[in-house]
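**Q** Task: produce atomic coordinates for the following.
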Amino acid sequence: MDLWNLIAAIIFVINVIFAIGIIFFERNRKNIGATFAWLAVLFFIPVLGFVLYLIFGQTFNSEKLFKVKAELDAKQKSLLKEQLEGLQEYKASSSDDELNKYLAMAHMLLVSDMALVTENNQIQVYTDGNDKFNALLDAIKNAKQHIHIEYYIIRNDDLGHKVVAALAAKAKEGVEVRLIYDGLGCAKLPRKFFDELTDAGGQVAGFFERRIPVLNIRVNYNKNYRDHRKIVVIDGTTGFVGGFNIGDEYLGKGPLGYWRDTHLKINGHAVKMLQVRFFQDWSFAAKEVLDFVPTYFPKEQDVTGDAAVQIVSCGPDTQWEPIKKGFIALINSATETIYIQSPYFVLEESVMEALKIAALTGVDVRVMIPCKPDHPFVYWTSYANVGELLAAGAKAYTYDNGFIHSKTVVVDGLASSVGTANWDVRSFRLNFETNAFIYDREIAAVLKTAFENDINKSTEITKQMYAERSTKIRIKESISRLFSAAL
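**A** Numbers count the residues shown, from 1 in each chain. Predicted coordinates:
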């Protein structure tokens, strides 16, 4: 018994020391809620909590970890200084006061993330995986000079092999192919999965991954920070960004059933900014700095669209959490409607308060989340957050026709955002994300219509339904919310 008491005492002391370390040495944490969440993990599950924190929570080395990346980003972004100085004085050429009200928001995103305002963009919205991947494979097939592709998840299945084979075929033709995959999201891929591409002359780099040649293995060396982006740039003129990863499940062939997501194909000036984003990530992942030459940034092509777009990115290497602040700015600008779709709805206080204020002032706030969880803790936290918004007058729905993975917001039928970022703490702070913020009535109308069509395949969560939820669900919500900041 004395031995067990000694062990318990040692564990208690270790937890106290670790807690002190979190509070006093991780002062760079921007979210005090995350600090308290990890303290709860340490004290309620002492041994396991210690292990979980080492794997997913620690940020002691984040400044050192991203020092090289920050230097590369600064060097490459400095090449756009002249454009930035011109765009800081940007004034809308049109007399459209409704769209001009977003100039202050555009300026914020410009200053906080070098998100240049681009016009003359043609945008195609995809909500079905088959349509999206048909368009992507067609664009790959027609590539003439280069293909830059970056995905969080690439599966070892039919679609995964089909995309790699298409890339390899273009590499054999002499097209430059560069591919970035996330070390954690693709951790289960076979060692030789990309050999077909590399043997054909393509280049492949793992984000947060090291190769050990002697053992011929790949090692993911950081499980907390994830390259969650899904970006494709072809010939510097066509770009893709959105929620679909590469795998059969995203065609509706997985255990969650039909996969409802949103992805964009962009032709126009915004593609240059997707290219810059890829360049920065390639520099970090492949340790190769690409030159900003006309080959990758061709002269402007004539396009039929005129949508204004900002490509905005965030991650643990950014200071201002620009995507989150962009969401808040969209919410605060709303006078009529706010429609949000997200598979994960784990909000921090600033975003929650903005949505509550909007709902309380009479804005029609609607949120759509999945009807089934792929991550139970996240799902029940999302459900609890939805319940909190219902009390303020918002409406909420669970999507019943499979799984909704769409990450969108559309406001007043005027402005919108589509990209890789979920409405959760992880996307705002820990993941590397990229979203397109769009100031265009036509695209906003497409996204709003898609949301309204999805309502017909959803169940509304009413105040009464939420109030009558079972004790079991209430317990799940309480436990999940306790650790929500650490999810």
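
**Q** List the contacts of residue 352.
**A** By C-beta atoms under 8 Å, 6 or more residues apart in numbering, the contact list for residue 352 reads 385, 388-389. For the C-beta atoms, the positions are set from N, CA and C on the backbone; glycine is no exception.

**Q** ChimeraX command for the buried members of the residues you listed?
**A** Restricted to buried positions by 16 or more other C-beta atoms under 10 Å, the ChimeraX selection for these reads:
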select :385,389
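
**Q** Restricted to helices, list the contacts of residue 352.
**A** 385, 388-389 (DSSP state H).

**Q** any chance of these in TSV, with distance to residue 268 too?
**A** Below are the ones in helices among the contacts of residue 352 laid out as TSV (distance: C-beta to C-beta, whole Å):
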residue	distance to residue 268
385	36
388	39
389	35
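
**Q** which one of the contacts of residue 352 sits closest to residue 354?
**A** residue 389 (11.0 Å; C-beta to C-beta).

**Q** Give me the pLDDT value at the closest one.
**A** In this model, residue 389 is scored at 97, pLDDT.

**Q** The residue lying closest to it once chain neighbours are set aside: what secondary structure?
**A** Beyond its immediate neighbours in the sequence, the residue positioned closest to residue 389 (C-beta to C-beta, 6 or more residues apart in numbering) is residue 355, lying 5.9 Å away. Here residue 355 is helix, with the state taken from DSSP: H, G, I helix; E, B strand; the rest coil.

**Q** and the gap between residue 355 and residue 408?
**A** Distance of residue 355 to residue 408, given as C-beta to C-beta, to the nearest Å: 15 Å.

**Q** Could you pull up the residues touching the residue nearest to residue 389?
**A** Contacts of residue 355 by C-beta under 8 Å, 6+ apart are 331, 338, 347, 365, 389, 392, 394.

**Q** Most neighbours out of these, which is it?
**A** The residue in the contacts of residue 355 with the most neighbours, by other C-beta atoms under 10 Å, is residue 347 (26 neighbours).

**Q** now it, nearest residue through space, not along the chain?
**A** residue 385 (5.3 Å).

**Q** and if you look at residue 275?
**A** residue 233 (4.8 Å).

**Q** Surely that neighbour forms part of a strand?
**A** Yes - the assignment for residue 233 (three-state DSSP) places it in a strand.

**Q** That one and residue 177, how far apart?
**A** With C-beta to C-beta as the criterion, residue 233 and residue 177 are 11 Å apart.

**Q** Spit out the residues that contact the two alike.
**A** 146-147, 149.

**Q** could you flag which of the residues you listed are buried?
**A** Buried, going by 16+ other C-beta under 10 Å: 146-147, 149, out of the shared contacts of residue 233 and residue 177.

**Q** Low-confidence ranges, the stretch 101-250 of the chain, go.
**A** Regions of the stretch 101-250 of the chain meeting the criterion pLDDT under 70 cover residues 210-223.

**Q** Just give the number of residues close to the closest residue to residue 412 other than its chain neighbours.
**A** Distances taken as C-beta to C-beta, 6+ apart put residue 336 closest to residue 412, at 4.8 Å, once the chain neighbours are dropped. Here the number of neighbours of residue 336 (other C-beta under 10 Å) works out to 11.

**Q** Surely residue 336 is in contact with residue 363?
**A** Yes - applying C-beta atoms under 8 Å as the test, residue 336 and residue 363 come out as touching, 6.6 Å apart.

**Q** From the rest of the structure, what touches the helix or strand hosting residue 474?
**A** Following DSSP states H and E, one finds residue 474 within helix 471-482. Residues outside helix 471-482 that contact it (C-beta under 8 Å, 6+ apart): 37, 40, 376-381, 383-384, 387.

**Q** repeat for stretch 120-128
**A** By C-beta under 8 Å, 6+ apart, stretch 120-128 touches 132, 135, 242, 244, 260-270, 300, 303-309, 406, 418, 438, 440, 443, 446-447, 450.

**Q** What ranges does the stretch 251-400 of the chain have for its helices?
**A** Secondary structure of the stretch 251-400 of the chain by DSSP state H, counting those that start in this stretch: the helices cover 270-286, 322-333, 349-360, 376-391.

**Q** cool, and the stretch 101-250 of the chain?
**A** 103-113, 129-141, 158-172, 195-199.

**Q** what residues are up against the residue lying closest to residue 271 once chain neighbours are set aside?
**A** With C-beta to C-beta, 6+ apart as the criterion, residue 271 has its nearest non-adjacent residue at 4.0 Å, and that residue is residue 239. With contact set as C-beta under 8 Å, 6+ apart, residue 239 has these partners: 231-233, 265-267, 270-271, 274-275.

**Q** Beyond whatever helix or strand residue 443 lives in, next helix or strand please.
**A** Secondary structure assignment for residue 443, by DSSP H and E: helix 441-455. Next in sequence after helix 441-455, counting helices and strands by DSSP H and E, comes strand 458-460.

**Q** Sheet partners, orientation included, of that next one?
**A** strand 395-399 (antiparallel) (DSSP bridges).

**Q** So what's the gap between the strand it pairs with and the chain middle?
**A** 21 Å (C-alpha atoms, centre = their mean, to the nearest Å).

**Q** What of stretch 362-376?
**A** Relative to where its chain is centred, stretch 362-376 has its mean C-alpha point 17 Å off (C-alpha atoms, centre = their mean).

**Q** again, but for stretch 312-328
**A** 10 Å.

**Q** ditto for stretch 340-356
**A** 15 Å.

**Q** Break this structure down into its structural domains.
**A** 2-60, 76-84+122-306, 322-486 (automatic domain parsing).

**Q** returning to what we had before: please name the bridge partners of the residue nearest to residue 271.
**A** The partner residues for residue 239, given DSSP bridges, come to residue 233, residue 266.

**Q** can you pull the pLDDT of the spatially closest residue to residue 373 that is not a sequence neighbour?
**A** Closest residue to residue 373 apart from its sequence neighbours, by C-beta to C-beta, 6+ apart: residue 379 at 3.1 Å. Note for residue 379: predicted pLDDT of 85.

**Q** next one: residue 40
**A** At residue 40, pLDDT is 59.

**Q** ditto for residue 476
**A** On the pLDDT scale, residue 476 gets 83.

**Q** what does residue 396 give?
**A** 98.

**Q** just checking, it touches residue 460?
**A** Yes - with contacts counted by C-beta under 8 Å, residue 396 reaches residue 460, the gap being 7.2 Å.

**Q** Fine by me, thanks again.
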